[in-house]
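Colleague: With the input below, show me the fold.
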Amino acid sequence: MLAAALITFREGLEAALIVSIVLGYLKKTDHMDRQRSVWWGVVAAIAASLAAALGLQAIGARFEGRAEQVFEGMTMLLAAGVLTWMVFWMQAQGRRIKGHLEEGVRQAVATGQSWALFGLAFLAVVREGIETVLFLSAAVFASSPVQTLTGGLVGLAAAAVVGWLLFAASVRLNMRRFFQMTGVLLIVFSAGLVAHGIHEFQEAELLPILVEHVWDINHVLDEESTLGSVLKSLFGYNGNPSLMEVLSYFGYYAVIGLATWQRKPAMGAVGNGQRV
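Modeller: Next comes the predicted model:
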């Protein structure tokens, strides 16, 4: 539940920020009469995201046994890869998003083409929607559908409220700091997805077991208990992991640490946080 709430809050807030930037620029330039095209783009993006969610669920429901394990493993690893890319992309491009969006709105208004505003809003929001669908599809494998749905709805509701405050109430938020903090949590969640994905491939006998249980502490903290389930869905906790699960979990952190270290000089030149 917590992982789903975190994912949808971050993705939902990013989408809300995009919409607020577009609407804010229209308001600043006295073109609020064009906002209908923006909202139609948002509605279309939400519809497309829901269609993608239903399609992914329909595909997954067709698999059984080994095929289902392979599907779940691939979904988890794909979600981890996209999640990791998103975190690093936001660190590098976050400060430029506002300028790019406002330039796109300016050109759309100058040409008088409503479909351009529609397309700008649609493409920006549908990207967040598809990412959310992918992440929640992976999260549900490590949690229950009810917990995932509940967490997702809570995260989206919170994102909608914060997004409205940013636009209507002129609340200022240090977005760089926000995405840094949530980025750390999402990296931890992604590491758990990698380990879970490896586990599914081992269950499908596509990867060797090597050592079945490196340790077993389920008698201390059962992964099926309430606390264990929370830790499992959020941090990838496993009370009795295999050797390859442990290696993939900590190997992921090693790769992230190396990538962060290599990017540090470039990130240092960006400057201080941006407030939106």
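Colleague: What's the first helix or strand after the strand or helix carrying Q35?
Modeller: Take DSSP states H and E as the rule and Q35 turns out to sit in helix 35-61. On the C-terminal side of helix 35-61, the nearest following helix or strand under DSSP H and E is helix 65-111.
Colleague: From G163, how far off is A16?
Modeller: Applying C-beta to C-beta, to the nearest Å, the value for A16 to G163 is 3 Å. The C-beta positions use only the backbone N, C-alpha and C, and glycine is treated the same way.
Colleague: In the protein, what helix or strand scores lowest on average pLDDT?
Modeller: helix 226-235 (a mean of 78; mean pLDDT, DSSP states H and E).
Colleague: other SSEs contacting that helix?
Modeller: Helix 226-235 sits against helix 2-28, helix 175-203, with contacts defined as 3 or more C-beta pairs under 8 Å, 6 or more residues apart in numbering; DSSP states H and E.
Colleague: Which other helices and strands does the shortest one contact?
Modeller: Packing contacts for helix 2-28, counted by 3+ C-beta pairs under 8 Å, 6+ apart, involve helix 35-61, helix 65-111, helix 114-139, helix 145-168, helix 175-203, helix 226-235.
Colleague: buried residues in that helix?
Modeller: For helix 2-28, the neighbour count (16 or more other C-beta atoms under 10 Å) marks 2-26 as buried.
Colleague: low-scoring stretches of the protein, by residue?
Modeller: Residues of the chain meeting the criterion pLDDT under 70: 1, 93-95, 142-144, 169-176, 264-276.
Colleague: how about a cut-off of 50?
Modeller: 269-275 (pLDDT under 50).
Colleague: And for the spatially most central residue of it, nearest residue in space, chain neighbours not counted?
Modeller: Centroid-nearest residue in the chain, with C-alpha atoms, centre = their mean: I7, separated by 4.7 Å. The shortest distance from I7 to any non-neighbouring residue, by C-beta to C-beta, 6 or more residues apart in numbering, is to F135 (4.6 Å).
Colleague: Tell me which residues touch the one you found, please.
Modeller: F135 makes contact with 7, 11, 79, 82-83, according to C-beta atoms under 8 Å, 6 or more residues apart in numbering.
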